[in-house]
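Q: 3D model of this:
(chains A and B)
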Number of protein chains: 2
Amino acid sequence: MYSPYANVSERELAPPSLAISTVIFALRRDGDTGRPELWLPLVRRIREPYRDRWALPGGPLAARESLQDAAARNLADTTGLTPRYLEQLYAFGGPERSPSPRVVSIVYWALVQPDEAALARESDNVRWFRADAVGELAFDHNTIVDYALWRLRNKTEYGQAAYAFLGELFTLAQLREVYEAVLGRELDPGNFRRQLRATPQISATEHYLAGGRHRPPRLYRYTPDPDMVPGPVPSTPQRSTE
Amino acid sequence: MYSPYANVSERELAPPSLAISTVIFALRRDGDTGRPELWLPLVRRIREPYRDRWALPGGPLAARESLQDAAARNLADTTGLTPRYLEQLYAFGGPERSPSPRVVSIVYWALVQPDEAALARESDNVRWFRADAVGELAFDHNTIVDYALWRLRNKTEYGQAAYAFLGELFTLAQLREVYEAVLGRELDPGNFRRQLRATPQISATEHYLAGGRHRPPRLYRYTPDPDMVPGPVPSTPQRSTE
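A: Numbering: from 1, shown residues only, chains lettered A, B, ... in the order given. Sure, this is the predicted structure:
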């Protein structure tokens, strides 16, 4: 007979607890260079373990919430953000990741557009950090941030995620800046232009960037490829907080 | 002050329980046509809820196990399989997915090669089904199977997952049969050949399919692109069962 309990003592079956965490990436322009850089909000822990350390926003799952709703609520509560792009990233649950009892964290990630990021709140216990300078975080949250950056860079290499940071229309220079911020290196403008023009998901529009310039740059639009079409997982609308 | 508990009563914080489930896909040749088709193993439930219904293999998490180890153990216990390709698929945790208390399932999926599938066990309570004819499963497991099929078809369109079903070397006809089994439709052999020859990850070897044929077909090899390189999530070796 099938028994998943074979060789496992009663004590070891003490149920792990479950948490929802979120990694939120937004672009902020550097004050000196004007270039966009990747930032993310962190929350200061106000109790043990890891008291006073910075951690990813998160919390428990309420009874009637879907996992996605819990992620949306947690991140709205802490940061004031309600991003359009919020997806499940990965579940982290190694036995070594927190002092007993074990906590399994289902991590969501959000990529935030400039109009959304403008609404972000800060306080003594909520602060934004550059993604490459978060310091030593609570629990295994450095591992989670590293994994999210890796996934972002992978997705970006294949041209899927960068557009989540941009509005509907963008110039090729704006798009290149986003790629540079995500990849952490400069790209050759000529090569970048040629590659993007050969990408079927990028199409030129009849619109140009507003402003007093002599030759205003053209605006482009991104149309997701079928890989980005949501799957058959039932999605629930994000709850707004009262 | 940040409190994830705002507006949530004590009773609603009853912790959900956690389970690990696995979706295992293997190819089996149809007895009549000889074509490979997608199959998966299911387990008959021997207790309520959903007693006697078929369900995905799974079980709880033991204290010292990683999520990945628990998935590997559960699927070895039920099916005798220890697949090389075993990855986290998605966490399902909607409040409606099971009678109280809520169960959050972290689902892993495996793509099984022919040499591995040959070791699979069957019994009264473990049986393989065609992926498109599983009937009405326990809990929301039909949704999970549909999601896994959708992900598999998406990955396959982009040429990443089909190779997990094949050995190290394969003919282009074998590869086309795998694509056809996954996508559920026939592909034009000439177009398929041309597309695959233009795919940088597919390279011809100096080897040919063994057998007495006059012109034996050439064997090809797949080299994963960087998108398939594992990320910085600490991976643990799969535990073998004693």
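
Q: Have a look at chain A and report its longest strand.
A: strand A:17-29 (DSSP state E).

Q: That strand: partners in the sheet, and parallel or antiparallel?
A: Using DSSP bridges, strand A:17-29 pairs in its sheet with strand A:36-44 (antiparallel), strand A:58-59 (antiparallel), strand A:103-112 (parallel).

Q: is it possible to export these to JSON lines including mean neighbour count and mean pLDDT?
A: For every residue, glycine as well, the C-beta is placed using N, CA and C. Shown next, in JSON lines, are the strands paired with strand A:17-29 (neighbours: other C-beta atoms under 10 Å in any protein chain shown; pLDDT from 0 to 100):
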{"stretch": "strand A:36-44", "mean neighbour count": "22", "mean pLDDT": "93"}
{"stretch": "strand A:58-59", "mean neighbour count": "24", "mean pLDDT": "90"}
{"stretch": "strand A:103-112", "mean neighbour count": "24", "mean pLDDT": "92"}
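
Q: Just put the ones you listed in CSV and tack on distance to residue A:29.
A: Listed next are these as CSV, based on distance: least, C-beta to C-beta, whole Å:
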stretch, distance to residue A:29
strand A:36-44, 5
strand A:58-59, 28
strand A:103-112, 14
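
Q: among those, which is nearest residue A:179?
A: strand A:36-44 (10.1 Å; C-beta to C-beta).

Q: downstream neighbour of the helix or strand of chain A with the lowest mean pLDDT in the secondary structure list?
A: None of the helices or strands of chain A scores lower by mean pLDDT, DSSP states H and E than helix A:114-117, at a mean of 75. Downstream of helix A:114-117, the next assigned helix or strand under DSSP states H and E is strand A:126-130.

Q: Show me the domain layout of chain A.
A: Domains of chain A are assigned by automatic domain parsing as A:11-156, A:159-228.

Q: rank those domains by mean pLDDT and give me the bottom one.
A: Lowest mean pLDDT within the domains of chain A: domain A:159-228, at a mean of 84.

Q: How far away from the center of its chain is that one?
A: Here domain A:159-228 is found 20 Å from its chain centre; the criterion is C-alpha atoms, centre = their mean, to the nearest Å.

Q: where do the strands sit along chain A?
A: Under DSSP E, chain A gives strands at A:17-29, A:36-44, A:54-55, A:58-59, A:85-92, A:103-112, A:126-130, A:169-170, A:202-208, A:218-222.

Q: quick one: the longest helix along chain A near chain B?
A: Counting residues, the longest helix found in chain A (DSSP state H) is helix A:141-157. Yes: using C-beta under 8 Å from any C-beta of the partner chain, a contact is recorded between helix A:141-157 and chain B, made by A:143, A:146-147, A:150-151, A:154, A:157.

Q: tilt between that helix and strand A:17-29?
A: 50 degrees (axes from the mean of the first three to the mean of the last three C-alpha atoms, to 10 degrees).

Q: ok and helix A:141-157 relative to strand A:126-130, angle-wise?
A: Using the same axes, to 10 degrees: helix A:141-157 against strand A:126-130 is 50 degrees.

Q: Tell me the spacing between residue A:141 and chain B.
A: 13 Å (C-beta to the nearest C-beta, to the nearest Å).
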